[in-house]
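>>> sequence below, structure please.
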Amino acid sequence: MTRILVFGGARSGKSAYAEKLARESDKEVVYIATAQAGDGEMATRIAHHRVQRPAEWATLEEPLRLGDAILREARPGRLLLVDCLTLWLTNLMFSTGETYPDVGDIALPELFHSERTHLLYALAEIGDTGCDIVLVSNEVGMGIVPYGAISRCFTDEAGRLNQAVAAICDRAAFVAAGLPLYLKGAPC
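Next up is the predicted model:
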């Protein structure tokens, strides 16, 4: 059983690299998509990702209850590909329809905290199942500090989540310009 975090900036090639790992695994692949088509641009992005996936991969759309989906789908001979953690994080942050202030403290919904905890539990728990998992995430904290309290909160929470997931995973690969750099564990 191998757990791999693949992370990088926008258009870095992280999803393509994660999909390459899945294709080369010779395992049954379940693609767990976290995106929601809230507008036309996102619908186009989702459609693009769907076309790129092999037809034999099963797809499960799970925008909120990611830990449950992982526990439910993990079994020997299978690889779960989760794309992506930062969209999932956004879904949780805005799950109640809350409008956040431009300045001041941000109180995230209870669902955010409980589902984040449950995801980390699920990642640790599947260690004995014989199921591999590849998790895709964005690295959003390498640029300027964003304007607005919710943007800063998102950057902070994405960084914390990436650190927690990387600590659990056996391998972590940072992708830039389509090239993976392994920061933890040996390349696959």
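
>>> could you use CA atoms for every contact and neighbour count after this?
Fine.

>>> okay, buried residues for the longest helix belonging to the chain please.
Across the chain, the longest stretch assigned as helix under DSSP state H is helix 149-168. Residues 149-150, 152-155, 157-159, 161-162, 165-166, 168 are the ones in helix 149-168 that count as buried (16 or more other Cα atoms under 10 Å).

>>> for the residue nearest in space to the middle of the chain, which residues are in contact?
Taking Cα atoms, centre = their mean as the criterion, residue 85 is the residue nearest the geometric centre of the chain, at 2.3 Å. Contact partners of residue 85, counting by Cα atoms under 8 Å, 6 or more residues apart in numbering, are 34, 135-138.

>>> which of these lies closest to residue 80?
The closest of these to residue 80 turns out to be residue 135 (Cα to Cα; 8.2 Å).

>>> picking that back up, which elements pack onto the following helix or strand past the longest helix of the chain?
Counting by DSSP states H and E, the element after helix 149-168 in chain order, helix or strand, is strand 171-176. Under the contact definition 3 or more Cα pairs under 8 Å, 6 or more residues apart in numbering; DSSP states H and E, strand 171-176 sits against strand 3-8, helix 14-24, strand 179-184.

>>> residue 109 is nearest to which of the ones you listed?
Distance to residue 109, taken as Cα to Cα, is lowest for strand 3-8 among these, at 25.2 Å.

>>> need the three-state assignment for residue 137.
Put simply, residue 137 is strand when judged by DSSP: H, G, I helix; E, B strand; the rest coil.

>>> turn the helices and strands packed on strand 171-176 into CSV, including mean neighbour count.
Below are the helices and strands packed on strand 171-176 laid out as CSV (neighbours: other Cα atoms under 10 Å):
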stretch, mean neighbour count
strand 3-8, 26
helix 14-24, 19
strand 179-184, 15
